[in-house]
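Undergrad: Okay, here's the prediction I keep looking at, along with the sequence it came from:
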Amino acid sequence: MQKEKFELKNIGFVLGILSAVMYSIMVIANKKADKITGMKNASLQLLISFLTVSVYLLIKGNFLTSLPQTPAQWLWLVFLGLLNTGIGCSLYFSSIGSIPVQSVSILGYIEPLSALIFSVVLLKEKFIFTQIIGAILIFAGAVFSNIKYKNKL
């Protein structure tokens, strides 16, 4: 049991590093693809994400069971897809070309912090000690990066 937990932590760590690498590649690729902006960029990003997740679910055999089962679930899916993901991605990817990479990365660091705060405020989830430490580290890293970046200008 203990070994299994250790292996899962290692996998989580590796996936976290890979996520950071892929995020960096995405930001750099978006800066280089200056002809693809706004809705076109957001649509391409979402289409590729959808295809990737669909292939994964088809391989696992969970595609149909992963779909919403009730009309209310479909409504929430459409709401999140159009409003949160669609408009949010459109705003993000249309502005990414005109913002310095450092600023984009700092905003990317603050995203999990805002998710944590919203989960506590809106969903009434518990805020545990490790989350508080993580939030402080994220905020301190964003502030430090911003100060360091501004000093280089």
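TA: Arrived safely, thanks for sending.

Undergrad: what about the helices in the protein?
TA: 2-32, 38-60, 71-79, 88-95, 101-123, 129-152 (DSSP state H).

Undergrad: deepest of the ones you listed, which one?
TA: helix 88-95 (a mean of 16; mean count of other C-beta atoms under 10 Å). C-betas here are computed from N, CA, C, even on glycine.

Undergrad: could you dump the helices of the chain to JSON lines with mean pLDDT?
TA: Listed next are these as JSON lines, based on pLDDT from 0 to 100:
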{"stretch": "helix 2-32", "mean pLDDT": "74"}
{"stretch": "helix 38-60", "mean pLDDT": "81"}
{"stretch": "helix 71-79", "mean pLDDT": "90"}
{"stretch": "helix 88-95", "mean pLDDT": "76"}
{"stretch": "helix 101-123", "mean pLDDT": "80"}
{"stretch": "helix 129-152", "mean pLDDT": "77"}
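
Undergrad: do you know how far V14 is from V21?
TA: 11 Å (C-beta to C-beta, to the nearest Å).

Undergrad: residues in contact with the closest residue to G141 other than its chain neighbours?
TA: Using C-beta to C-beta, 6 or more residues apart in numbering and skipping the chain neighbours, the partner closest in space to G141 is Y109 (6.0 Å). Neighbour list for Y109: 138, 141-142, 145 [criterion: C-beta atoms under 8 Å, 6 or more residues apart in numbering].
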